[in-house]
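Here's a sequence, model it:
(2 chains)
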Amino acid sequence: MSDSVGIVKALRALFDIPLTFRSGAVLPRYELIYETYGTLNSNKSNAILICHALSGHHHVAGVYADQTDNVGWWDNMVGPGKPINTNNFFVIGLNNLGGCHGSTGPSSINPETGEPYGASFPVITVEDWVESQARLADRLGILCFAAVIGGSLGGMQALQWSLAYPDRVRHVLAIASAPRLTAQNIAFNDVARNAILTDPDFHGGNYYQHGVVPTRGLRLARMLGHITYLSDDAMADKFGRQLQTGNYNYGYEVEFQIESYLRYQGDKFAAYFDANTYLLMTKALDYFDPAQDYSGDLNKAFSHARAAFLVISFTTDWRFSPKRSRELIRPLLHNKHPVSYAEITSNHGHDSFLMEHSHYFDVVRAYLANVNREISI
Amino acid sequence: MSIASLAAERPDFAAIAAWIPKGASVLDLGCGDGSLLRYLKETRSVHGYGVEISDLDIVSCIANGVNVIQNDLDAGLSDFEDGAFDFVILSQTLQATRYTEAVIQEMLRVGREGIVSFPNFGYWKNRWNIFMGHMPVSRELPYQWYDTPNVHLCTLNDFDQFCDKYCVSITARSVMTGGHEVGLLPNLLGSTAVYRFQRGI
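Below is the predicted model:
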């Protein structure tokens, strides 16, 4: 396909300068796995960093030579001629620290013990991720990103870039995101964590040594999460009250199609995702609050940002609703930062940010075309 | 579109720009494709934002390099703080607002001064159309009665009265027809009006 970045290869970067986490914990050395698409220009001004959400990873676009059906998770958005146009930009996707797709995380072997990190892997924050991403940027010689882009938890990382490194990012695209989680959102995360933590196979996070995986907990966590990523309407359209067999069985086996779908999603996810990573990701979501050091005042928190912002929300997203994006816009307006906001009419809830949608894509395309003009001057 | 052709197409742009000092902060309500903001950015170096509801216009604004916030004007301007802008502009949109009085009050909460432009329903050609038994359709009012977004059309006299009633103090007015300033009998001979106003005492 001409609009695909084609065959891609995952790259690795090893960092042996210790990273001190916000919690005070220190990781002496770590590895980040990443992919790049497009070409870095001579003055290294056309780099875009893609930050992933809860279950994402470095494989953003293209396919692997030996796995031609393993298409990147944002392949509809990233590629030659696509909204994030790899003819113009050098795009980087990475797996965050603490992940389970190749970057150092709880399931990696701790070289000091020869065992998986497990429960000893430090609780990580969005701030820590940005720190580790900045080191990757240093390694690639990128002083300033043309844009940092992310959806959901990825949007929080993009925002954090504008706060931690105001001079290293020109544009921030925060999609289906929020400046910080609400109590309701933290509550969902807590139920998901509890499903994992109370699974008898969890073994305090050191299940690797026991040769088991807390599948039941992880599966429940994903089922719950999945409900919150879909809209009421989308679920009604797709499943309604349809039954598997057409009759009530008056029992507790799977009867409604939505039940079957959720279990399938849960099983699929639990088969490849690491439970400790899931715990870390949800905790990073909960902790993120740029205003924490400013007595809760987001206006102050965003006062030293220097980037321009594009904020996008989706009408039926109730996990990160348009209201939450507005909470983000207000401090940006207060500080007179350049900001545009688009509220996309979409039926697909929080998952909309991953789906192809002409208006959504037009907005991103138009915005990044200007960014390209700006860096080409 | 170039700045020169924009100015030719929209004579009210120049009238608005004439009142705005260089570097002012501007909020443009119902900013459409962002042409006015772009015009003001390039001619007056203003810093500002547009507010627009239409999906298509949001994309055009972004393509025009204009900051735009997607929002329904009639839902209020709660994202904007008191006195955040030097000027709040409502260009050719007043007549399409549902809660017109509330919008004008919001303009003067968020901005120190307001500017509105609107088609003068009292213009003689509009009166003539009515006299001949039809709703006016023209360059300024390009809709049929059944598909028009315009729900609150008014004449210059009506707007003057409105301002008087709601304690809005008019500081300047420019009335024009086809790009030419109209001095004589403005409510009869002017097709478009631009008002500058602030909160009355």
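
use CA for all of it now, contacts and neighbours both
Noted.

Would you mind naming what in chain B lies close to chain A?
Residues of chain B found near chain A (C-alpha under 8 Å from any C-alpha of the partner chain) are B:55-56, B:58-59, B:62-63, B:65, B:67-70, B:79-81, B:84.

Let me know the average pLDDT across the one helix or strand A:Ala271 maps to.
In this assignment (DSSP states H and E), A:Ala271 forms part of helix A:257-272. The average of the pLDDT scores along helix A:257-272 is 96.

Going toward the C-terminus from it, what's the next helix or strand?
Toward the C-terminus from helix A:257-272 - assigned by DSSP H and E - lies helix A:275-287.

circling back: would you mind checking the residues of chain B next to chain A for buried ones?
Among the residues of chain B next to chain A, the ones that count as buried by 16 or more other C-alpha atoms under 10 Å in any protein chain shown are B:55, B:58-59, B:62-63, B:65, B:67-70, B:79-80, B:84.

and the residues you listed as JSON lines, adding pLDDT?
What follows is these, written out as JSON lines (pLDDT from 0 to 100):
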{"residue": "B:Asp55", "pLDDT": "96"}
{"residue": "B:Ile58", "pLDDT": "98"}
{"residue": "B:Val59", "pLDDT": "98"}
{"residue": "B:Ile62", "pLDDT": "98"}
{"residue": "B:Ala63", "pLDDT": "97"}
{"residue": "B:Gly65", "pLDDT": "96"}
{"residue": "B:Asn67", "pLDDT": "98"}
{"residue": "B:Val68", "pLDDT": "98"}
{"residue": "B:Ile69", "pLDDT": "97"}
{"residue": "B:Gln70", "pLDDT": "97"}
{"residue": "B:Asp79", "pLDDT": "92"}
{"residue": "B:Phe80", "pLDDT": "95"}
{"residue": "B:Ala84", "pLDDT": "96"}
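
Quick check: strands, which of the residues you listed are part of them?
Residues of those located in strands (DSSP state E): B:68-70.

Nearest to A:Trp318 among the residues you listed?
B:Gln70 (18.2 Å; C-alpha to C-alpha).

Look up the pLDDT of residue 106 for me, please.
Since no chain was named, I'll use chain A. At A:Pro106, pLDDT is 98.

meant chain B actually
B:Glu106 is given a pLDDT of 95.

can you give me the helices in chain A?
A:126-139, A:153-164, A:183-197, A:215-229, A:232-238, A:257-272, A:275-287, A:298-301, A:322-334, A:358-376 (DSSP state H).

which one of the ones you listed is the most hemmed in?
For those, the largest average neighbour count (mean count of other C-alpha atoms under 10 Å in any protein chain shown) is found in helix A:153-164, namely a mean of 27.

Chain A against chain B: which residues are in contact?
Contact residues (C-alpha under 8 Å from any C-alpha) of chain A with chain B: A:326, A:329-330, A:333-334, A:338-344, A:359, A:362-363, A:366-367, A:369-370.

The same query, at a cut-off of 6 Å, please.
A:330, A:339-342, A:363, A:366-367 (C-alpha under 6 Å from any C-alpha of the partner chain).

pLDDT below threshold where in chain A?
A:1 (pLDDT under 70).

Kindly list the main-chain dihedrals of B:Lys165?
Taking degrees, to the nearest 10, you get phi -70, psi -40 for the backbone angles of B:Lys165.

Tell me the pLDDT of it.
At B:Lys165, pLDDT is 96.

how many neighbours does it have?
9 (other C-alpha atoms under 10 Å in any protein chain shown).

burial count for the spatially closest residue to B:Phe197 that is not a sequence neighbour?
Excluding the flanking residues, the one nearest B:Phe197 by C-alpha to C-alpha, 6 or more residues apart in numbering or on different chains is B:Ile170, at 4.2 Å. Close neighbours of B:Ile170, defined as other C-alpha under 10 Å, add up to 18.

Repeat that for A:Gln209.
12.

same thing with A:Gly114?
Neighbourhood size, A:Gly114 [other C-alpha under 10 Å]: 9.

show me what contacts it?
Taking C-alpha atoms under 6 Å, 6 or more residues apart in numbering or on different chains, we find A:Gly114 in contact with no residue.

Same question for the one 5 residues further on.
Counting by C-alpha under 6 Å, 6+ apart, A:Ala119 makes contact with A:205-206.
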